[in-house]
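K.L.:
Provided below are the primary sequence and the corresponding predicted coordinates.
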Amino acid sequence: MDPKKSSHTFTFLILLSLFLHSTVADGSSSVFFLDNPSHRYFHASSEIGSMALSEVGAAISVLLGFAPPVTLSASSSLKLNEVLVPNPFDRPRSVVILEVTGAEGVSIEALRSNVVNENKADIQLPDADEVSLFSLDEPTTDAEYSDKELTDFASWLSGSYVSGELTIPLEDDANLKFQLTKEADREFVTSLVSLTRKIQRAIEMHQDLSGAVRRPSELISGKFDGLKALKEHYGAEGVAKGTKLFSIAMSKIFDSLTEAYKGHIVGVIVCNDTPSVAEPLFNVIFTSPPTARWLEETKALPNTTAIEEIILVRRTVAWVTGILLLIATLLGIYFLLNMPLTRDTLLYSNVKLD
C-alpha cells in the first residue's frame with residue numbers, strides 16, 4: 001500500500017474512532033465533516049460552535065458548488081465561513097451524507113459541531129438536471145447474504161469469516177468478533193455489507209457520469225441503523241463494539257470514494273441520538289430557475305381601428321414592394337436573353353481615351 005495513502009487511512013480511522021467513542025457532556029447530536037487530507041475543503045480547526053441543521057444543509061449546498069439559500073441569515077453565513085475554506089472556485093461538487101442512529105453522545109475532536117436542534121432541514125439545490133442524487137436507503141433485494149459474500153466482506157476488512165464467526169483485527173493486535181448465528185450480530189453485520197454494496201453502486205454511477213460533457217454535482221445520502229440492534233440486545237457495550245467495526249468499514253468506504261472521485265468528495269456524518277425514524281433529517285428540494293417570458297399580445301388593445309389601419313398599410317407596402325421586385329426581375333431576364341452577341345466596341349477596342 002502507498003505509505004501516503006496508508007497514513008491518510010490511519011488518520012481518518014483515528015478521527016472516526018474518536019467520533020464514535022467520545023462522549024459529549026450534554027448528550028446532544030453531532031455533525032462531523034470528513035475531509036480529504038491531501039486537498040482540504042474544510043478548516044483544520046478541531047471544533048466549531050453549535051450549528052443548526054439548516055446551516056449544515058446550506059454548507060452541503062455550497063460544497064456541491066451552488067450558492068447558499070437566500071434566506072440564510074448573516075450569523076449563519078459567518079458559521080459557514082468557520083467551516084468551509086473560502087475559495088468559491090474550489091468545491092468538491094460531490095458529497096456523501098450519512099445519518100448514524102442508535103449511538104448516543106458521540107463526538108470527535110476534529111471539526112465537530114453540536115447540532116442545536118434535530119428538526120428536519122432542507123438542502124436547496126437548483127434544477128434537477130444539475131444534480132445527481134443517489135439514495136443509500138433504497139431497499140435491497142437480498143436481506144440475507146451468502147457465506148461467500150460475508151467472506152469477501154471480511155477479506156475486504158483484512159479479517160476472516162469462518163463457521164458463522166466474523167473476526168476483524170484491530171491496531172492493538174486485538175480482534176473484533178461477531179457471532180452471526182445471533183440475530184443482533186447478523187443484523188448489524190449485514191447492514192454494513194449492504195452499505196458497502198450501495199456505495200459501490202454509487203461509485204459505478206459516478207463512473208458513468210464522469211464521461212458526460214457536463215458532469216452534474218453528485219449527492220449521496222442515506223441512513224445507517226445497524227447499531228440499533230446491538231444497542232437493544234447488548235446495551236452500551238454492544239454499541240461500543242459495533243462502532244469500532246463501523247469506523248473500520250467507513251474508513252475503507254471513504255478511501256474507495258476518494259480514489260474513485262480523485263479526491264473531489266467530502267463526507268458529512270450526522271450522529272443522531274434520537275430513536276430512528278423513517279424520514280431522513282435532510283430533505284432535498286429543487287428551486288428551478290425562473291422560466292423565460294416571451295413578449296406576446298395577450299389581448300387586443302382598446303383602439304382596434306388604429307391597429308387595423310397599421311396592418312393594412314404594412315400589407316400594402318409589402319405587396320407593392322414584392323410586385324416591383326418581380327417586374328424588375330422579369331425585365332432583367334428579358335434584356336439578358338435578348339442581349340446582342342457582338343463585341344462591345346468600347347470594351348474590346350484598343351483606342352485610348354484622352
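P.N.:
Everything's here; your move. Since we're looking at a predicted model, the values are computed, not measured. Numbering: from 1, shown residues only.
K.L.:
Would you tell me what the next helix or strand after the least confident helix or strand in the chain by mean pLDDT is?
P.N.:
Ranked by mean pLDDT, DSSP states H and E, the weakest helix or strand in the chain is helix 3-21, scoring a mean of 47. As assigned by DSSP states H and E, the chain's next helix or strand after helix 3-21 is strand 30-34.
K.L.:
That next one - what's its average pLDDT?
P.N.:
Averaged across strand 30-34, pLDDT comes to 85.
K.L.:
by contact count, what packs against it?
P.N.:
The helices and strands touching strand 30-34, judged by 3 or more C-beta pairs under 8 Å, 6 or more residues apart in numbering; DSSP states H and E, are helix 3-21, strand 112-114, strand 266-272. (Each C-beta comes from the backbone N, C-alpha and C, glycine too.)
K.L.:
and the last one, which residues are buried?
P.N.:
Under the neighbour-count criterion of 16 or more other C-beta atoms under 10 Å, strand 266-272 has V266, G267, V268, I269, V270, C271, N272 buried.
K.L.:
Name the nearest residue to the fourth one, ignoring sequence neighbours.
P.N.:
Okay, so that is I269. F32 (4.6 Å; C-beta to C-beta, 6 or more residues apart in numbering).
K.L.:
The one you found against V268, yeah?
P.N.:
Yes - counting by C-beta atoms under 8 Å, V268 is a contact partner of F32 at 7.5 Å.
K.L.:
The stretch 101-250 of the chain: helices as residue ranges?
P.N.:
147-156, 183-209, 226-234, 236-260 (DSSP state H, counting those that start in this stretch).
K.L.:
Mind putting those helices into TSV with distance to L53 and mean pLDDT?
P.N.:
Shown next, in TSV, are the helices of the stretch 101-250 of the chain (distance: least, C-beta to C-beta, whole Å; pLDDT from 0 to 100):
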stretch	distance to L53	mean pLDDT
helix 147-156	32	92
helix 183-209	22	92
helix 226-234	21	88
helix 236-260	21	88
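K.L.:
of all those helices, which lies closest to V317?
P.N.:
Smallest distance to V317 across the helices of the stretch 101-250 of the chain (C-beta to C-beta): 55.9 Å, for helix 183-209.
K.L.:
What is the neighbour count of A44?
P.N.:
Neighbour count for A44, taken as other C-beta atoms under 10 Å: 9.
K.L.:
same check, this time on L281
P.N.:
Neighbourhood size, L281 [other C-beta under 10 Å]: 23.
K.L.:
Give me the pLDDT for the residue lying closest to it once chain neighbours are set aside.
P.N.:
For L281, ignoring the flanking residues on the chain, the nearest one in space by C-beta to C-beta, 6+ apart is E99 at 5.6 Å. Here the pLDDT value assigned to E99 is 89.
K.L.:
Roughly how far does I253 sit from L245?
P.N.:
I253 is 12 Å from L245, where distance means C-beta to C-beta, to the nearest Å.
K.L.:
err, V100, not the other one
P.N.:
13 Å.
K.L.:
for S251, same thing?
P.N.:
S251 is 11 Å from L245, by C-beta to C-beta.
K.L.:
quick one: the helices in the stretch 251-354 of the chain?
P.N.:
Ranges of helices in the stretch 251-354 of the chain, per DSSP H, counting those that start in this stretch, are 304-337, 345-348.
K.L.:
Can you add mean pLDDT, distance to N175 and mean neighbour count and give those back as TSV?
P.N.:
Formatted as TSV, the helices of the stretch 251-354 of the chain follow (pLDDT from 0 to 100; distance: least, C-beta to C-beta, whole Å; neighbours: other C-beta atoms under 10 Å):
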stretch	mean pLDDT	distance to N175	mean neighbour count
helix 304-337	86	89	10
helix 345-348	54	107	8
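K.L.:
mind giving me CSV with these and columns for distance to F178?
P.N.:
Output for the helices of the stretch 251-354 of the chain, formatted as CSV (distance: least, C-beta to C-beta, whole Å):
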stretch, distance to F178
helix 304-337, 83
helix 345-348, 105
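K.L.:
list the buried ones in stretch 168-175?
P.N.:
For stretch 168-175, using 16+ other C-beta under 10 Å, the buried residues are I168.
K.L.:
swap that for stretch 128-146, please
P.N.:
Quick answer for stretch 128-146 (16+ other C-beta under 10 Å): V131, S132, F134, L136, Y145.
K.L.:
Which ones among those residues map onto strands?
P.N.:
Residues from those lying in strands, with DSSP state E as the criterion: V131, S132, F134.
K.L.:
The last one and F42: what is the separation?
P.N.:
Taking C-beta to C-beta as the criterion, F134 is separated from F42 by 22 Å.
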